[in-house]
Every structure is written in structure tokens, then in C-alpha cells.
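> Could you look at this predicted model? Sequence included:
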Amino acid sequence: MNDAVLHYSKKETVEMIAMTDEKRKRGRPVGSQTRQNMVDILSVLKSATGYDLYKVYIKVFSKITLRSVYYNLHKGTLLDIFKVNVVKTEQGNYSWGPQAEKKYYELGPKAKPSKDKELLEAISRAAS
């Protein structure tokens, strides 16, 4: 029986080892259109809670779940696109207890807001 074995020359082996991930383009890209839309909203609002972002997002862009907003805020915080500005504890009569913790987000150092004036105007109209 003949076992098929692949043999590469030394040059081919070195070239394969030298390939970087950029050349291979493996995996999903890091960016997200939803996250970029949230960056544009925060560039207008300056600071907002996840729920405030959600309310503006559904007015300006398509439908989105609140869970998706919080996921993208968390992922964006890990990528330095967003950062937590203030964490406030507010007292009230909530179904889960007497207080709620609210995180206010702002843009991080790696955020790149768009320069589209029409979009920014639409966001400011929806936020007011």
C-alpha cells in the first residue's frame, strides 16, 4: 500500500511559516456596524447609559435588541472603543430590589466617529 505524503521544499516551508494572519485573513473581522452606529450616537450625546443609547438607536437606525446594545458596549469596552465614565447607584422601587446600578459610557481612545453631517443631525434630533 502506498501512503500519500506531501513533501514541501525548504523554501515553501519557510514561506508558509512566514505567513501572517493578515495575509491569511482568517476569522471574522473585529468591526461591527452596530458598534459603529453606537459610536456615532455617543459622539453626539457625549455620555449615556445603555438604555439611552438603545432609545436613540431604534429611532435613527433599524430595530435592535437591548441585549445586543449591552453586548456591543461590553465588547467595545474591551476594544477601547467605549469606556465607562461614571457608575451611579440610584434608589427606587425596582422589581429586583431597592437600587439600580447605572453605567454611563463615553467614547474611548480607539473610537472613530463618522463625519456625516446628516447622520449626526438625525441623531441629535432623535436624542432631543
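Yep, that arrived.
> what kind of secondary structure is residue 103 in?
When classified by DSSP: H, G, I helix; E, B strand; the rest coil, residue 103 comes out as strand.
> That one and residue 89 touch, don't they?
No: at 10.7 Å, residue 103 does not count as touching residue 89 under the criterion of C-beta atoms under 8 Å. C-beta coordinates here come from the backbone N, C-alpha and C atoms, glycine included.
> between the two, which one's more packed in?
Shown here are residue 103 and residue 89; by other C-beta atoms under 10 Å, residue 103 has more neighbours (16 against 8).
> List the contacts of that one.
For residue 103, the contact set (C-beta atoms under 8 Å, 6 or more residues apart in numbering) comprises 49, 50, 84, 86, 87.
> Okay, and which of those residues map to helices?
Judged by DSSP state H, helices contain the following of the contacts of residue 103: residue 50.
> Neighbour-wise, give me the winner out of the contacts of residue 103.
In these, the most neighbours by other C-beta under 10 Å go to residue 50, 20 neighbours.
> For residue 57, see how far away residue 29 is.
21 Å (C-beta to C-beta, to the nearest Å).
> what about the two, which has more around it?
residue 57 (23 against 6).
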